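# Quick one: sequence and predicted model below, then my questions.
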Amino acid sequence: MRVPQVLYEASTLGQADFSAVGRAGVYRVAVSLLKEALEDQALEVGITSVMQVYDRLGLRGELCRLGMEEAEVSALGLIQPFAGSLRALRRQHRRLLNGSRYHFGRVLCGVIQRFAQRCVPVGVSGSWDVVHCLHAIPSVAQVGGLPRLVTLHDLIPTALPEYCDPGYVAGWREALLGLDPERDMVACISEATRQDLTASGLFDSDRIHVVPNGIGSQFVAREASEVASVCERYGCVSGQYLLTLATREPRKNLALSVEVFQELASRNPALRLVLVGGDNGLGEELSIAEEIRHRVVMTGYLDDQDLPNLLTGCAAFLFPSWYEGFGLPPLEALACGAPVVVSDRGALPEVVGSFAEAVDPSDVGAWVVAVERAMCDGARNGGVSHARSFSWEHSYAKYRDLYRAFLTA
């Protein structure tokens, strides 16, 4: 059998280039899969963005940041006319999104995207067996009629439409309905997501597969001395803080984590709450009692060294999301040996298995009890081994089988 020729639609990497907000979730999945593909000698790889020029401009910068040679990136032809005029806008947008003026930055993003759509035609050229859409779902015309393999990360627009812009929901539904059940294929990142897709009726096909995500090799328990050093830099003490994600996205249910902390902080004067990610303005918006506000630590976005250390040192990791198509953060926390408490919604119970406690995200009292129990009992036996069974090597191997299926279609 000949070598598959796969073109990766990687707009999500372009979005990450102009804001650290974009370097979570879907971005990490896309980067991890691309790294595996680029190391595969039995695969011919192309990378492009058939979406807005803003994403194309960012994709070029992000690929260079990830280690590709300038000549290799230039050969991809990602920079289109008007790209130069967008660079200043991108710098301004990065500053706004990473600063306290988050909402204005989101508005500017929409303005830039509309401008880009008017300026630049989209499309692909060349001989490819399949376009692997790592996040966005381009139309048939945008991919030159090539078959599409879509990685579907969740069904938030149908599961929680109240958290999405109505225009986005409509466009997302239209994109899924535009898939060809005979030629295209969907890879869901969890069984729960596959069931949600089947129930939605948006892609009625037997060409739906489950390809779980993996976790990076950097997520391992760190030495106590290293953990102590990192904790000191962030103003916390190993074993005396709760860890959760800092995000304005309502779906992540940050308010519950704050309520749980306030209840437990009244009983434990040394306990702190460490919020990973977010921006400096988020802490001011949280409803936290003034007398314990100084015990809340905002880390900003962490690199691959600091995050595993803080996961290793936390008394418990909290993930009370209303819905997840997979849930990488709690799996990464398990890999670092942290006690974990998650929501019982979406794919989270499937992903963490019996190695974390799953609790109703609307029941603050139940969460207080579960987190206090996790702090006392520590991590559950087998959690590290369970987390390590999810690897990007295994995930990519499943995708490689799907690429080969397109050769025989």
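Received, thanks.

# okay, and for the stretch 301-409 of the chain, where does confidence drop off?
For the stretch 301-409 of the chain, residues meeting the criterion pLDDT under 70 lie at 409.

# What ranges does it have for its strands?
316-319, 340-343, 357-359 (DSSP state E, counting those that start in this stretch).

# likewise the chain?
Using DSSP state E, the strands of the chain run over residues 5-9, 44-48, 130-133, 148-152, 185-188, 208-210, 241-245, 272-276, 296-300, 316-319, 340-343, 357-359.

# Look up the closest residue to residue 388, ignoring the ones flanking it.
Nearest residue to residue 388, sequence neighbours excluded (Cβ to Cβ, 6 or more residues apart in numbering): residue 335, at 6.1 Å. In short, each C-beta sits where N, CA and C put it, glycine included.

# Quick check, that neighbour in contact with residue 382.
No. In this structure residue 335 lies outside contact range of residue 382 using Cβ atoms under 8 Å: 12.0 Å.

# more neighbours, these two?
residue 335 (26 against 12; other Cβ atoms under 10 Å).

# separation between that one and residue 227?
15 Å (Cβ to Cβ, to the nearest Å).

# This structure - how does it break down into domains?
According to automatic domain parsing, the chain comprises the domains 5-214+391-408, 224-388.

# Quick one: low-confidence residue ranges for the stretch 101-250 of the chain.
For the stretch 101-250 of the chain (pLDDT under 70), the answer is 101-126.

# right, so the domains of the chain: which one is the most enclosed?
domain 224-388 (a mean of 20; mean count of other Cβ atoms under 10 Å).

# Span of that one from start to end?
Domain 224-388 has an end-to-end distance of 21 Å (criterion: Cα to Cα, to the nearest Å).

# Report the contact partners of the closest residue to residue 257 other than its chain neighbours.
Nearest residue to residue 257, sequence neighbours excluded (Cβ to Cβ, 6+ apart): residue 244, at 4.3 Å. Applying Cβ atoms under 8 Å, 6 or more residues apart in numbering to residue 244 gives the contacts 254, 257, 273-276, 317-320.

# And for residue 334?
With Cβ under 8 Å, 6+ apart, residue 334 has these contacts: 340, 352, 355-356, 379, 383-384, 386-387.

# Helices - which of the residues you listed land there?
Using DSSP state H, the members of the contacts of residue 334 that fall within helices are 352, 383-384, 386-387.

# what's the most distant pair in those?
352 and 384 (12.3 Å; Cβ to Cβ).

# rewinding a little: can you list the contacts of residue 334 in TSV and add distance to residue 223?
Formatted as TSV, the contacts of residue 334 follow (distance: Cβ to Cβ, whole Å):
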residue	distance to residue 223
340	21
352	25
355	23
356	24
379	17
383	19
384	15
386	22
387	19
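
# May I see the strands of the chain organised as CSV, with distance to residue 38 added?
Formatted as CSV, the strands of the chain follow (distance: least, Cβ to Cβ, whole Å):
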stretch, distance to residue 38
strand 5-9, 10
strand 44-48, 6
strand 130-133, 13
strand 148-152, 17
strand 185-188, 19
strand 208-210, 22
strand 241-245, 29
strand 272-276, 28
strand 296-300, 29
strand 316-319, 31
strand 340-343, 32
strand 357-359, 36
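
# end to end, how far does stretch 332-350 reach?
End-to-end distance (Cα to Cα), stretch 332-350: 15 Å.

# for stretch 156-164, same thing?
Stretch 156-164 has its terminal residues 8 Å apart, counting by Cα to Cα.
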